[in-house]
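Chemist: This is a predicted model, with the sequence first.
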Amino acid sequence: MITIYQIHANALEVVSSPTASCWINVLEATPEDAAQLEAWGFPSNYVTYALDPGERARVERSGGVTLIVFLIPHAKPTPTDTPYITVPLGILLTENNIVTICCTRSHILRDIAAGKIPDMPTVRKRYFILKLLFRISEQYLKYLRTIDEAVAKIQVRLQNSLQNREVMELLKYQKCLVYFITALRSNELMLMRLQKSALLTQAEDEELLEDVLIEVRQAIELTEISESILGQMMGAFTSIISNNLNVVMKFLAAATIVISLPTLVASFFGMNVNLPIANHPLAFWFVMGLAVLLAVGILVFFWRKQWL
């Protein structure tokens, strides 16, 4: 879906057709949207790059149009085995317009369009792009905190778990961190290349780009730390689950032994042969006492060995 915005009285307003210094926002791009952008004169290969899910972060310029591909985090709306992924955001910068192209509905782009993010002037195109990249980098940190909170909740449940469900939940968050660290490193290389290019001509833009790099590097460090902790945690909790299962099995084995001793005594004295004290008037209580004594004795033995 294509929406065109124009700055007016410090607010973004929707207009019907492209004008000077407008922002063309394309979310959940379709082939028809791509054809419309090509009809407006934007390079078809740049549009294709922006819609390629496997595209890496890059910056290049051709025919007066600069392409910036930045990988952005995306939270899937429905529960899946990978709650967070990364998708490419294509940014086309021309002399007159800014175009953002994304194959999903980016929360950041929607917030900018709704006016929830201030100081996003479309007339200052380079400043607009750098502010957008800064917000995206902040979004990585926000999702990383969300992942850490989810992992902490799983950690509480894992302490008494006997199943692999919690470990599988940790595995899906580990996959998210792999996506994040790969995308962030690619973004960092792209920003370093952008820093060396002639695209930024004002000192304010260079300072803002440095801020974006700082945010990206901070996100990289936090992702690496979270990934390392999560990997060690999964190994530790796999051992905990195995240990919990061993405790249960040990208890069941001890209970089986305790129950089997009275059964053994009863079976012995229940044989259809002449046995000692078989005709004694207190034979029944003798057998019961022996069974209870053996059961209590083995219970005390297991308790002193801390097997129960």
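Modeler: Alright, I've got the coordinates. Residues are numbered from 1 along each chain as shown.
Chemist: For residue 187, give me its contacts.
Modeler: Neighbour list for residue 187: 57, 70, 71, 137, 216 [criterion: Cβ atoms under 8 Å, 6 or more residues apart in numbering]. Just so you know, the C-beta spots here come from the backbone N, C-alpha and C atoms, and that holds for glycine as well.
Chemist: and it, what helix or strand is that in?
Modeler: Using DSSP states H and E, residue 187 falls within helix 165-196.
Chemist: just checking, residue 188 touches residue 219?
Modeler: No - using Cβ atoms under 8 Å as the test, residue 188 is too far from residue 219 to be in contact (9.3 Å).
Chemist: Please identify which of the two sits among more neighbours.
Modeler: Just comparing residue 188 and residue 219: by other Cβ atoms under 10 Å the higher neighbour count belongs to residue 219, 26 against 18.
Chemist: Next up, the contacts around the more buried one.
Modeler: Each residue near residue 219 by Cβ under 8 Å, 6+ apart is listed here: 137, 140, 141, 144, 180, 184.
Chemist: rerun at 10 Å
Modeler: If you count contacts by Cβ atoms under 10 Å, 6 or more residues apart in numbering, residue 219 has them with 73, 136-144, 180-181, 183-184, 187-188.
Chemist: mind listing the helices for the stretch 101-250 of the chain?
Modeler: Counting by DSSP state H, counting those that start in this stretch, the stretch 101-250 of the chain has helices at residues 107-113, 125-158, 165-196, 203-269.
Chemist: buried stuff in the second one?
Modeler: Pointing back at helix 125-158 there. Under the neighbour-count criterion of 16 or more other Cβ atoms under 10 Å, helix 125-158 has 125-137, 139-141, 143-144, 147, 150-151, 154, 158 buried.
Chemist: Distance from the chain centre to that helix, please.
Modeler: Distance, stretch centre to chain centre, for helix 125-158: 10 Å (Cα atoms, centre = their mean, to the nearest Å).
Chemist: just checking, what packs against it?
Modeler: Secondary-structure packing of helix 125-158 (3 or more Cβ pairs under 10 Å, 6 or more residues apart in numbering; DSSP states H and E): strand 22-26, strand 65-75, strand 84-93, strand 97-102, helix 107-113, helix 165-196, helix 203-269.
Chemist: what do you get if the cut-off is 6 Å, keeping everything else the same?
Modeler: In terms of contacts (3 or more Cβ pairs under 6 Å, 6 or more residues apart in numbering; DSSP states H and E), helix 125-158 is packed against strand 65-75, strand 84-93, helix 165-196, helix 203-269.
Chemist: Please confirm that residue 29 is located within a helix.
Modeler: No - the assignment for residue 29 by DSSP: H, G, I helix; E, B strand; the rest coil gives coil, which leaves it out of any helix.
Chemist: For residue 135, list the residues it contacts.
Modeler: Taking Cβ atoms under 6 Å, 6 or more residues apart in numbering as the criterion, residue 135 is in contact with residue 108.
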